[in-house]
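# Return a 3D structure for these sequence lines:
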Amino acid sequence: MVPFLVIHIKRKEVRYMKTEIIGNIVDISSGNILRNKKVVINNGIILDILDNLERIGDGFGDTSESDNYLIPGLIDSHLHLLFSGSGTPLQDFIDLDQEGLYELALRNAQMALEWGITTVRDCGSLSDITFKLREDINIGKVIGARVLTSGEAVTTRGGHLNFMGIEADTPEEMNKAAEFMLDKGADFIKLIVSGGNTTPRSKDN
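Numbers count the residues shown, from 1 in each chain. All right, here's what the predicted structure looks like:
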């Protein structure tokens, strides 16, 4: 058995079920496409990869379209789940309450999954929202790309993302902020040392 990677096929996530998927596997280790294979999955674990010679018995779902392609999940290593992606992300953030921001983060995680991105790395957010989303996805309460998140970023006073970050000017303040976020449950620390277009006047600090 090998560890399960969410398999993205035609905008559907195969997870938490016993199923059989028939299609072509993109083998990134060899650079080849393994055609007409059958992948057997049980409760999130790949049990076997076989040649597609026959159907599996009762208890298995079946997806047999010949144009299916199974690929390893992609990773987006830098995004912000609480940004709308519109031309006015800061204003959109300001206009939403906690519930609205959670729904925005969830939609972004689900959109990523639809695009074949199975893990996202959220680099600066409100931890009360993204930590909850991370947990909800992990326990299967909602469906979305797996979330790794820094929670609040550590930034300079008046610096980029100060409106949802922890401001720190000295090494001692930075260490304290980093320890606080790690204790709170951050997967990593996001340290911002320059300005950004999303934060007005941050490039002046």
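
# all strands of the chain, in order?
Remark: strands assigned in the chain by DSSP state E are 7-9, 12-14, 18-27, 32-42, 45-51, 61-63, 69-70, 74-79, 117-122, 146-149, 153-155, 165-167.

# in the fifth one, what's buried?
Neighbour counts using 16 or more other Cβ atoms under 10 Å place I46 of strand 45-51 among the buried residues. For glycine as for every other residue, the C-beta is placed from the backbone atoms N, C-alpha and C.

# Now for the spatially closest residue to G185 that is not a sequence neighbour: which residues touch it?
Once flanking residues are discounted, G185 sits nearest to F131: 5.6 Å by Cβ to Cβ, 6 or more residues apart in numbering. Counting by Cβ atoms under 8 Å, 6 or more residues apart in numbering, F131 makes contact with 149, 151, 184-185.

# Can you say which of the strands of the chain is nearest to Y102?
strand 146-149 (12.1 Å; Cβ to Cβ).

# Now the closest one - C-alpha only, PDB.
The C-alpha trace of strand 146-149 is given here as PDB (Å, rounded to 0.1, in the frame of the first residue of the first chain):
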ATOM      1  CA  ARG A 146      -5.300  20.500   2.300                       C
ATOM      2  CA  VAL A 147      -4.300  23.700   4.100                       C
ATOM      3  CA  LEU A 148      -0.900  24.600   5.600                       C
ATOM      4  CA  THR A 149      -1.100  28.000   7.100                       C
END
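
# Understood, closing this out.
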